[in-house]
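Undergrad: pasted the sequence and its predicted model underneath.
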Amino acid sequence: MNSLKLTKSLEDYLEMILVLYRATGRVRVKDLASALSVKMPSVAKAIVHLKKQNLVNQESYGDIELTPLGESTAKKILGRHILLKKFLMNIGVAEDVANEEACLMEHVLSPGTLDCIETFNQKIKK
């Protein structure tokens, strides 16, 4: 994942593609735009960037699909989100706030900090 050039925004797209696919079995541009509260041209632009990095495939006007690299990268991003949400809830943050703030934090914390949070979560086991 080190050679990938992913902005916070592109990470959010990848994560949401995985979430939508798991929920519905398909991902369309309009569904992604709706889920991320962005306009369809923004999705189209992001998909171009993700295609260039071999993270997604999309035939013209077709469904968006994660490549194997895209799926593994998206799973790592989603895993960080889940870890941070659980941590925040363990320290008393309300679930809706924890979800929102985990989304912000997942892009900036170092692997070492994430490891410490995982260790903390395992000790708490809530």
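TA: Alright, I've got the coordinates.

Undergrad: roughly how far apart are the spatially most central residue of the chain and Leu83?
TA: The centroid of the chain falls nearest to Glu15 when counting by C-alpha atoms, centre = their mean (2.3 Å). Noted for Glu15: a distance of 13 Å to Leu83, by C-beta to C-beta, to the nearest Å. Backbone N, C-alpha and C define where each C-beta goes, glycine included.

Undergrad: same check on Val48?
TA: Val48 is 30 Å from Leu83, by C-beta to C-beta.

Undergrad: who has more neighbours out of those two?
TA: Leu83 (20 against 11; other C-beta atoms under 10 Å).

Undergrad: make sure that one is indeed in a helix.
TA: Yes: according to DSSP: H, G, I helix; E, B strand; the rest coil, Leu83 belongs to a helix.

Undergrad: check contacts around it.
TA: Leu83 is in contact with 114, 117-118, 121, counting by C-beta atoms under 8 Å, 6 or more residues apart in numbering.

Undergrad: can you tell me which of the residues you listed comes closest to Thr73?
TA: The nearest member of those to Thr73, counting by C-beta to C-beta, is Leu114 at 15.3 Å.

Undergrad: can you report how many residues lie near that closest one?
TA: Leu114 is flanked by 17 other residues according to other C-beta under 10 Å.

Undergrad: would you confirm that it contacts Gly79?
TA: No: assessed by C-beta atoms under 8 Å, Leu114 is found out of contact with Gly79, at 9.2 Å.

Undergrad: next, count neighbours for Phe87.
TA: For Phe87, using other C-beta under 10 Å, the count is 20.
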